[in-house]
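Enquirer: Model the structure of this input:
(chains A and B)
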There are 2 protein chains.
Amino acid sequence: MRPQFVLFGDSITELSFKSGGWGASLTDTYSRKADILVRGYDGYTSRWALFLLHHIFPLTSSTPPVATTVFFGANDAALTGRYSERQHVPLDEYKENLRKIVRHLKECSPTMLIVLITPPPIDEEWQQQYAASPHGEKAMKLPERTNEVTGIYANGCVEVAKEFGVSSVNLWSKMQEIQGWQKKFLRLHIHRTRDLADGSRDFMIHPILTHHLITHKTLSIPLHLSDGLHLTPEGNRVVYEEVVKVLSGAWLSAPEMPADFPHHLEIDPENPAKVFQERCLL
Amino acid sequence: MRPQFVLFGDSITELSFKSGGWGASLTDTYSRKADILVRGYDGYTSRWALFLLHHIFPLTSSTPPVATTVFFGANDAALTGRYSERQHVPLDEYKENLRKIVRHLKECSPTMLIVLITPPPIDEEWQQQYAASPHGEKAMKLPERTNEVTGIYANGCVEVAKEFGVSSVNLWSKMQEIQGWQKKFLRLHIHRTRDLADGSRDFMIHPILTHHLITHKTLSIPLHLSDGLHLTPEGNRVVYEEVVKVLSGAWLSAPEMPADFPHHLEIDPENPAKVFQERCLL
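Expert: Sure, this is the predicted structure:
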């Protein structure tokens, strides 16, 4: 069967199948070549990710993933003394947690392509506005994260990748190379909620805001979400391109990987069995 | 592990992870609930699909999918005497092929939720323009498909579903309920090609046109594709909504399915192990 790629991370991974999402784009690019499995957990830190490790990547698996992206840190870098303090993980522990994850994945499969992705940069101005809006009067009017602190975590992530000789994507640096990165990559606007067929609603929003809205389920709130952390479609595009670069630079270039079955133009309409026979698929 | 849903079909399934695609939306909706596997094969008919059946759905699997969408017919309904004649499958054979697929899936797992999806309607005016454009002088100036013939295949598909008591989505009827369905759901415009990180190009286009462009790889052709068959994001939305309706009406409503791990707000930051212990995840 097809090789599997696992996307392991927090909400930026979990939300990666929204319209324009990097996970969906990867699935599209590796169509007929590899299966992409999302293992994204909204709000999770590297500390909490350790509890999932053995379940998602059992050491006994006879078919471990051939590639895994590990994308934590955005929550770990939450500041102490703010609303998201519960998610804060000290830098040294964050790095040690990443080491544990890498060691486990290598134990799972010594040939697995491991890609550590750093947290994206923070648009502090919008983080602050975001912090002020959903909590109303209770808002602390202080950002949950700063770009500088997140940058330190990003460096830590890249250092761990170097220690092990595994690949990394420094999203924090990469995004800031582009003029206007804040607006382009991070100022996410969602203008409407989505009504699902079953009557429930689907919000493309930050976990805290989700929580807030769930408690006011009957309200139809026009959403203008931009938390300065989650990615716009253009931001998703950067993640997608960087991950594809790493995969292609290794042995997992989509155009060079074999498709699982013959292209329809290779099928002889008079004798369709022929091409399947030739490929030992019959 | 998570239950699997398999999307088995032709290009409308293969392309379903493009931006706004129905496969990506399903993956998003069932995030942390189910894994969605794409088994879409550009240009395939129900006849050729039979060669894949045992590979994609081995009878020996201990974890068969809990749900499968079967989405063929758009190519089967190609007219004889036209460019796509090689794809034409007579109506009776199409129905018999669908029966074989359903029987095989039921043998794989008697509890599998099987959803037969009919081909979408055809925007004949644009099919004709499409037929004329990529083939230049060689164009037959005749549409590859007509809406009437495709409608007969759609009825055949629904009949087979009824015979077996499995679910179906009559996309052909459903889409035509909406005023302006042609433009809204089927007039797909792609204004630019996408340069991939590895230098290759990705086209969101019809198989025949793909073939045409591959042979002229060095040309940068501005694409204005609308073949009157492939779906716009709004068209994808209809497929998504109809499939979710069927899944939710059965036992696979996303909001009611358990998430694979605790929500981050259930984790006690002072004792994160607790909630994992309580759920026998430790």
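Enquirer: give me the low-pLDDT residue ranges for the stretch 1-150 of chain A?
Expert: A:129-141 (pLDDT under 70).
Enquirer: Can you tell me which residues in it are near chain B?
Expert: The stretch 1-150 of chain A has residues A:14-15, A:17-21, A:23-25, A:27-29, A:31-32, A:35, A:37-38, A:40-44, A:47-48, A:51-52, A:55, A:86-87 near chain B, with proximity defined as CB under 8 Å from any CB of the partner chain. Bear in mind the C-beta positions are built from the backbone N, C-alpha and C, glycine included.
Enquirer: out of those residues, which are buried?
Expert: Among those, those classed as buried by neighbour count (16 or more other CB atoms under 10 Å in any protein chain shown) are A:14-15, A:17-21, A:23-25, A:27-29, A:31-32, A:35, A:37-38, A:40-44, A:47-48, A:51-52, A:86-87.
Enquirer: Among those residues, which are located in helices?
Expert: A:14, A:23, A:24, A:25, A:27, A:28, A:29, A:47, A:48, A:51, A:52 (DSSP state H).
Enquirer: how close does the last one get to residue B:123?
Expert: It stands for residue A:52. Distance, residue A:52 to residue B:123, using CB to CB, to the nearest Å: 46 Å.
Enquirer: Also the fifth one?
Expert: From residue A:27 across to residue B:123, the span is 27 Å (CB to CB).
Enquirer: What residues of stretch A:172-186 count as buried?
Expert: A:172, A:174, A:175, A:176, A:181, A:182, A:185, A:186.
Enquirer: Contact partners for the first one?
Expert: What it means is residue A:172. Going by CB atoms under 8 Å, 6 or more residues apart in numbering or on different chains, residue A:172 touches A:118, A:119, A:120, A:121, A:150, A:151, A:154.
Enquirer: Now name the helix or strand holding it.
Expert: helix A:171-176 (DSSP states H and E).
Enquirer: Please save the CA atoms from that helix in PDB.
Expert: Extracted as PDB, the C-alpha positions of helix A:171-176 are listed here (Å, rounded to 0.1, in the frame of the first residue of the first chain):
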ATOM      1  CA  LEU A 171       8.900  29.200   9.800                       C
ATOM      2  CA  TRP A 172       9.600  32.000  12.200                       C
ATOM      3  CA  SER A 173      12.500  33.300  10.100                       C
ATOM      4  CA  LYS A 174      11.100  32.300   6.700                       C
ATOM      5  CA  MET A 175       7.900  34.300   7.100                       C
ATOM      6  CA  GLN A 176       9.600  37.400   8.400                       C
END
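Enquirer: chain center to that helix, what's the gap?
Expert: With CA atoms, centre = their mean, to the nearest Å as the basis, helix A:171-176 stands 15 Å off its chain's centre.
Enquirer: do the same with stretch A:70-90
Expert: Distance of stretch A:70-90 from the chain centroid (CA atoms, centre = their mean) equals 16 Å.
Enquirer: ditto for stretch A:37-45
Expert: Using CA atoms, centre = their mean, the offset of stretch A:37-45 from its chain centre is 7 Å.
Enquirer: and what of stretch A:158-169?
Expert: 17 Å.
Enquirer: Which pair of the buried residues of stretch A:172-186 spans the longest distance?
Expert: Based on CB to CB, the longest span within these runs between A:174 and A:182 and measures 14.2 Å.
Enquirer: so residue A:93 sits right up against residue A:47, yeah?
Expert: Yes. Using CB atoms under 8 Å, residue A:93 is in contact with residue A:47, at 6.6 Å.
Enquirer: Given the host helix or strand of residue A:6, what are its sheet partners and their directions?
Expert: In the assignment (DSSP H and E), residue A:6 maps to strand A:4-9. When pairing is defined by DSSP bridges, strand A:4-9 lines up against strand A:35-40 (parallel), strand A:67-71 (parallel).
Enquirer: what's the following helix or strand after the shortest one?
Expert: For strand A:67-71, the succeeding helix or strand toward the C-terminus, using DSSP H and E, is helix A:91-108.
Enquirer: what separates that next one from the chain centre, distance-wise?
Expert: 17 Å.
Enquirer: which other helices and strands contact it?
Expert: helix A:46-56, strand A:67-71, strand A:113-117, helix A:147-164 (3 or more CB pairs under 8 Å, 6 or more residues apart in numbering or on different chains; DSSP states H and E).
Enquirer: okay, the ones you listed, which one's buried deepest?
Expert: A comparison of the helices and strands packed on helix A:91-108 by mean neighbour count, using mean count of other CB atoms under 10 Å in any protein chain shown, puts strand A:67-71 on top with a mean of 27.
Enquirer: now it against helix A:147-164, angle please.
Expert: 150 degrees (axes from the mean of the first three to the mean of the last three CA atoms, to 10 degrees).
Enquirer: so residue A:95 touches residue A:161, yeah?
Expert: No. Residue A:95 is beyond contact range of residue A:161, at 10.6 Å (criterion: CB under 8 Å).
Enquirer: ranges for the helices of the stretch 151-282 of chain A?
Expert: Ranges of helices within the stretch 151-282 of chain A are A:171-176, A:181, A:207-214, A:233-249, A:273-278, based on DSSP state H, counting those that start in this stretch.
Enquirer: Just give me the lowest mean pLDDT stretch among these.
Expert: Between the helices of the stretch 151-282 of chain A, the one with the least mean pLDDT is helix A:207-214; it has a mean of 36.
Enquirer: quick one: residue A:152 and chain B, what's the gap?
Expert: Residue A:152 sits 21 Å away from chain B when distances are taken as CB to the nearest CB, to the nearest Å.
Enquirer: For that residue, which non-adjacent residue is spatially closest?
Expert: Leaving out its chain neighbours, the residue that sits closest to residue A:152 by CB to CB, 6 or more residues apart in numbering or on different chains is residue A:91, at 6.2 Å.
Enquirer: picking up where we left off before, okay if I get the helices of the stretch 151-282 of chain A as JSON lines plus distance to residue A:71?
Expert: Shown next, in JSON lines, are the helices of the stretch 151-282 of chain A (distance: least, CB to CB, whole Å):
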{"stretch": "helix A:171-176", "distance to residue A:71": "9"}
{"stretch": "helix A:181", "distance to residue A:71": "18"}
{"stretch": "helix A:207-214", "distance to residue A:71": "16"}
{"stretch": "helix A:233-249", "distance to residue A:71": "8"}
{"stretch": "helix A:273-278", "distance to residue A:71": "39"}
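Enquirer: What count of nearby residues applies to the nearest residue to residue A:143 once chain neighbours are set aside?
Expert: Excluding its sequence neighbours, the residue lying closest to residue A:143 (CB to CB, 6+ apart) is residue A:127, at 4.0 Å. Residue A:127 has 21 neighbours, counted by other CB atoms under 10 Å in any protein chain shown.
Enquirer: shouldn't residue A:127 be in contact with residue A:144?
Expert: Yes. Between residue A:127 and residue A:144 there is a contact under CB under 8 Å: 6.0 Å.
Enquirer: if I look at residue A:244, how far off is chain B?
Expert: When residue A:244 is compared with chain B (using CB to the nearest CB), they lie 4 Å apart.
Enquirer: For stretch A:96-105, list every residue counted as buried.
Expert: Neighbour-count burial for stretch A:96-105 [16+ other CB under 10 Å]: A:96, A:97, A:98, A:101, A:102, A:105.
Enquirer: Could you tell me how many residues sit around the closest residue to residue A:49 other than its chain neighbours?
Expert: Closest residue in space to residue A:49, ignoring its immediate chain neighbours: residue A:72 at 5.7 Å, by CB to CB, 6+ apart. By the criterion of other CB under 10 Å, residue A:72 has 30 neighbours.
Enquirer: and residue A:72, what is it in contact with?
Expert: A:9, A:10, A:44, A:45, A:46, A:49, A:94, A:97, A:98, A:119.
Enquirer: my read: the fourth one touches residue A:89, true?
Expert: The reference is to residue A:45. Yes. Using CB under 8 Å as the test, residue A:45 is close enough to residue A:89 to be in contact (4.8 Å).
Enquirer: who's more crowded, these two?
Expert: Each of residue A:45 and residue A:89 has its neighbours counted (other CB under 10 Å); residue A:45 has more, 27 against 23.
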